[in-house]
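Undergrad: fold the stuff below for me.
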Amino acid sequence: MRRILTITGILSLLCSTAFAQFQPTARVDNSVGTQSLPPYSGPKATVAVANFDVKAVKAYGEIGTGLREMLVTALINSNRFRVMERQALDAVMQEQQLAASGAAAPGQLGAQRGQIRTADIVITAAVTEFEPESSGGAAGLGGGGRVGGGFIGLMIGGSVNKAHMALDLRVIDTSTSEVLASTRVQGQATDATGGLLGGIIGSTPLGAGLGGYSNTSMEKAIRVCIIEAVKYIAQTTPAVYFKH
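TA: Predicted coordinates:
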């Protein structure tokens, strides 16, 4: 009995150690802190998010579009930012022109010219790394197969697929073009990581071009990277911009 308890204890320790090892991680160069964003209900900063510049070899334009969509959603959900949409600006202006022409009945509020709001800050980002399967290797005790959803199997000799991505972010004042903050955010995860990340991302679907990575280690790397990007933007934007 004592022997069984000892073996059980060892396996429990190995499981907890391996589980911690496989958790998705994020790294922010020049980090101002990794704590979660607390609830917020004060003034907001007005921002616009530029199209992502895709530089990673294994990424392409639609991936940049999807990542931008996720960042916009996360910024809004943080309750700290009013995001001014620029990608749909042509459609907005067409509605204003249609309302001004008198050819259509106005809506309840009516589209009016001269009411488009400008942003105080623009967020730019470059996708500099995008690796869905950066490496595969054996982990743990040797021998055995996949059991219990793959986690124990990975511990006792299964293959571990890692994924990572990186964004180079800039926070820019739109009046002066001054770069207020700049950093590199990296996210990494393995296929042994449990569960999806919540918080400001919640159950938001992956953006355009990213659906193929659903329920993979790449999805977890993407989500943790976006979360850290929003935290960095919120923490480095000077308080004077939170005025709306």
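
Undergrad: spatially nearest residue to Gly66, not counting backbone neighbours?
TA: Distances taken as CB to CB, 6 or more residues apart in numbering place Gly207 nearest to Gly66, at 2.8 Å, with adjacent residues excluded. Bear in mind the C-beta positions are built from the backbone N, C-alpha and C, glycine included.

Undergrad: the one you found falls within a helix, correct?
TA: No - judged by DSSP: H, G, I helix; E, B strand; the rest coil, Gly207 forms no part of a helix; its state is coil.

Undergrad: buried ones in stretch 173-187?
TA: Ala181, Thr183, Arg184, Val185, Gln186, Gly187 (16 or more other CB atoms under 10 Å).

Undergrad: about what we covered before: burial of the residue nearest to Gly66, as a residue count?
TA: Here the number of neighbours of Gly207 (other CB atoms under 10 Å) works out to 21.

Undergrad: and what of Lys44?
TA: As a burial measure, Lys44 scores 19 neighbours (other CB under 10 Å).

Undergrad: any idea which element Gln235 lies in?
TA: Here Gln235, judged by DSSP states H and E, is contained in helix 217-236.

Undergrad: so which residues of the chain form strands?
TA: 25-28, 45-49, 53-54, 81-83, 121-140, 156-173, 179-190 (DSSP state E).

Undergrad: how about those strands in TSV, adding mean pLDDT and distance to Arg223?
TA: Below are the strands of the chain laid out as TSV (pLDDT from 0 to 100; distance: least, CB to CB, whole Å):
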stretch	mean pLDDT	distance to Arg223
strand 25-28	65	10
strand 45-49	94	17
strand 53-54	96	18
strand 81-83	94	19
strand 121-140	78	14
strand 156-173	83	10
strand 179-190	94	7
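
Undergrad: need these in CSV (columns: distance to Ala221).
TA: CSV is the format used below for the strands of the chain (distance: least, CB to CB, whole Å):
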stretch, distance to Ala221
strand 25-28, 9
strand 45-49, 20
strand 53-54, 16
strand 81-83, 24
strand 121-140, 9
strand 156-173, 5
strand 179-190, 4
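
Undergrad: so of the ones you listed, which one's packed in deepest?
TA: strand 45-49 (a mean of 22; mean count of other CB atoms under 10 Å).

Undergrad: partner strands of it and their direction?
TA: strand 81-83 (parallel), strand 121-140 (parallel) (DSSP bridges).

Undergrad: can you list contacts of it?
TA: Applying CB atoms under 8 Å, 6 or more residues apart in numbering, the external contacts of strand 45-49 come out as 68, 71-72, 75, 80-86, 117-123, 125, 174, 233, 237, 241-244.

Undergrad: can I get stretch 43-56 in PDB? Just the C-alpha atoms.
TA: The C-alpha trace of stretch 43-56 is given here as PDB (Å, rounded to 0.1, in the frame of the first residue of the first chain):
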ATOM      1  CA  PRO A  43     -12.800  57.700 -19.400                       C
ATOM      2  CA  LYS A  44     -11.700  56.000 -22.500                       C
ATOM      3  CA  ALA A  45      -8.900  56.700 -25.000                       C
ATOM      4  CA  THR A  46      -9.900  56.900 -28.700                       C
ATOM      5  CA  VAL A  47      -7.700  54.700 -30.900                       C
ATOM      6  CA  ALA A  48      -7.600  53.400 -34.500                       C
ATOM      7  CA  VAL A  49      -5.900  50.100 -35.400                       C
ATOM      8  CA  ALA A  50      -4.000  50.100 -38.600                       C
ATOM      9  CA  ASN A  51      -3.800  47.100 -41.000                       C
ATOM     10  CA  PHE A  52      -1.200  44.600 -39.700                       C
ATOM     11  CA  ASP A  53       2.100  44.400 -41.600                       C
ATOM     12  CA  VAL A  54       2.700  40.700 -42.200                       C
ATOM     13  CA  LYS A  55       6.400  39.900 -42.300                       C
ATOM     14  CA  ALA A  56       6.500  36.300 -41.000                       C
END
